[in-house]
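> Pasting the sequence and the predicted model now:
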Amino acid sequence: MNRKYVTALLAIMLLITLIISVIFSYSYMKINRQITRIDVGTVEDTGRPEINQNSMNFLILGTDARNSDPNISEWEERGQRSDTIMIIQVEKISHKINVLELQRDTWVDIPGYGKGKLNWAYSYGGMPLAIRTVENFSGIRIDHCAVANFNGFVKLTDAVGGVDMSTTTEGTKHYDGKSALNFVRERYQLPNGNFDRTRRQMLWIQAIYQTIQEQGILKNAAKINSFIDILSESIVVDRNFEFSDVRQLMKSFYNMADDDLLFISMPNKGVGTEGDQSIVIADPEAMNQLADAWRTDQVSQFVRDNPKILTLDKGQVF
């Protein structure tokens with residue numbers, strides 16, 4: 001079956017669970033013991049974007065796990081594609097969190113393989129090649145990474161009691177795990193295909209964040225442990241993710257106001273074709289400007305100065 005799914009839930013819940021584990025020492029030991037770590041290999045520093053000491057950048061990949069082994073820590077050449085690609089930035093000083101969703105069909109240079117779709121990089125060379133390709137294309141330095149699969153999506157949504165989401169066509173509806181999955185997987189019936197699906201993904205992240213805040217879930221140790229059990233089946237993280245990184249996430253999350261969580265869709269020049277491939281055409285100039293803002297913790301100002309940049313609070317969600 002051709003799985004098309006989103007890992008926005010898994011990404012946000014990974015960060016939240018790591019944050020909370022600092023407060024509950026038992027939870028930290030539990031997540032450290034249960035969640036699988038992956039070796040991302042060595043990514044050569046030559047030519048990489050510069051490090052920003054004032055922020056952390058996480059590359060989050062959702063895979064379609066086409067190989068026969070459901071264990072997402074076991075990468076197999078051409079066996080998995082990254083169906084969803086996001087960069088999450090945590091600003092250490094302002095405590096803002098920025099979520100940039102990259103279009104998987106963007107036509108880019110894949111080191112050692114020539115031109116191809118962005119999501120092919122993980123299939124060709126696993127996480128090391130995915131990191132190199134994303135860094136070369138986006139101009140953003142990746143500090144940590146996580147890979148997520150489909151298994152925990154429905155359970156995690158149900159664990160928070162479902163979420164409310166509003167669209168232009170259907171108004172506000174409550175979604176349980178299964179219906180939320182169908183909502184964020186849809187693209188063929190949407191006016192703008194993958195672009196509208198991206199906005200649904202961002203809408204979902206906002207909804208789950210608001211639900212967690214409103215219900216005080218962060219203070220519920222039983223809920224936290226339940227999340228850890230589910231996450232350990234669905235997410236792997238890089239070996240270099242340290243306790244100090246978790247503490248920084250905790251600071252950012254607990255000092256973050258509602259408007260400090262910003263969702264951005266990758267700037268681009270629309271869709272086109274390359275041979276028989278339907279692709280998204282990159283906008284290098286706009287991406288360079290965004291990367292500069294990302295490196296200097298000026299993402300919010302960049303969005304204000306560039307009204308055409310798509311964020312969740314602009315335009316319609318179908």
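The structure has been received and is ready for your questions.
> all contacts plus neighbour counts: C-alpha atoms, from now on.
Fine.
> The stretch 1-150 of the chain: helices as residue ranges?
Counting by DSSP state H, counting those that start in this stretch, one finds helices in the stretch 1-150 of the chain at the ranges 8-23, 25-34, 120-138.
> weakest of the ones you listed by average pLDDT?
Among these, helix 8-23 carries the lowest mean pLDDT, a mean of 54.
> How are the helices of the stretch 151-300 of the chain distributed by residue range?
All helices of the stretch 151-300 of the chain, identified by DSSP H, counting those that start in this stretch, fall at 153-159, 177-185, 194-215, 221-231, 243-254, 284-295, 299-305.
> any chance of these in TSV, plus distance to Val99, mean neighbour count and mean pLDDT?
Converted to TSV, those look like this (distance: least, CA to CA, whole Å; neighbours: other CA atoms under 10 Å; pLDDT from 0 to 100):
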stretch	distance to Val99	mean neighbour count	mean pLDDT
helix 153-159	19	19	79
helix 177-185	17	18	86
helix 194-215	8	20	78
helix 221-231	20	18	74
helix 243-254	14	17	61
helix 284-295	11	18	95
helix 299-305	10	15	90
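> For the ones you listed, could you give me JSON lines that also reports distance to Asp109?
Below are the helices of the stretch 151-300 of the chain laid out as JSON lines (distance: least, CA to CA, whole Å):
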{"stretch": "helix 153-159", "distance to Asp109": "31"}
{"stretch": "helix 177-185", "distance to Asp109": "27"}
{"stretch": "helix 194-215", "distance to Asp109": "21"}
{"stretch": "helix 221-231", "distance to Asp109": "33"}
{"stretch": "helix 243-254", "distance to Asp109": "31"}
{"stretch": "helix 284-295", "distance to Asp109": "12"}
{"stretch": "helix 299-305", "distance to Asp109": "25"}
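> right, and the ones you listed - which one's nearest Asp45?
The closest of those to Asp45 is helix 284-295. By CA to CA, the value is 16.6 Å.
> Run through who's touching that closest one.
Contact with helix 284-295 is made by 51-52, 138-140, 266-268, 299, 301-302, as judged by CA atoms under 8 Å, 6 or more residues apart in numbering.
> and the closest residue to Asn240 other than its chain neighbours, how many neighbours does it have?
Distances taken as CA to CA, 6 or more residues apart in numbering put His144 closest to Asn240, at 7.3 Å, once the chain neighbours are dropped. Residue neighbour count, defined by other CA atoms under 10 Å, stands at 21 for His144.
> Hmm, His144 is touching Phe58, no?
Yes - with contact defined as CA atoms under 8 Å, His144 counts as touching Phe58 (4.8 Å).
> ok, back up a step: of the helices of the stretch 151-300 of the chain, which approaches Leu100 most closely?
Among these, helix 194-215 comes nearest to Leu100, with 9.2 Å by CA to CA.
> Could you export that closest one as PDB, CA atoms only?
Provided in PDB are the C-alpha atoms of helix 194-215 (Å, rounded to 0.1, in the frame of the first residue of the first chain):
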ATOM      1  CA  ASN A 194       0.800  19.100  -1.600                       C
ATOM      2  CA  PHE A 195       0.700  22.800  -0.800                       C
ATOM      3  CA  ASP A 196      -2.700  22.500   0.900                       C
ATOM      4  CA  ARG A 197      -1.500  19.300   2.600                       C
ATOM      5  CA  THR A 198       1.400  21.200   4.100                       C
ATOM      6  CA  ARG A 199      -0.900  23.800   5.500                       C
ATOM      7  CA  ARG A 200      -3.000  21.000   7.100                       C
ATOM      8  CA  GLN A 201       0.200  19.600   8.600                       C
ATOM      9  CA  MET A 202       1.000  23.000  10.200                       C
ATOM     10  CA  LEU A 203      -2.600  23.400  11.300                       C
ATOM     11  CA  TRP A 204      -2.400  20.100  13.100                       C
ATOM     12  CA  ILE A 205       0.800  21.000  15.000                       C
ATOM     13  CA  GLN A 206      -0.900  24.200  16.200                       C
ATOM     14  CA  ALA A 207      -3.900  22.200  17.300                       C
ATOM     15  CA  ILE A 208      -2.000  19.600  19.200                       C
ATOM     16  CA  TYR A 209       0.100  22.200  20.900                       C
ATOM     17  CA  GLN A 210      -3.000  24.200  22.000                       C
ATOM     18  CA  THR A 211      -4.600  21.000  23.300                       C
ATOM     19  CA  ILE A 212      -1.600  20.100  25.400                       C
ATOM     20  CA  GLN A 213      -1.500  23.500  26.900                       C
ATOM     21  CA  GLU A 214      -5.200  23.800  27.600                       C
ATOM     22  CA  GLN A 215      -5.400  20.300  29.300                       C
END
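> Kind regards, and thank you for your time.
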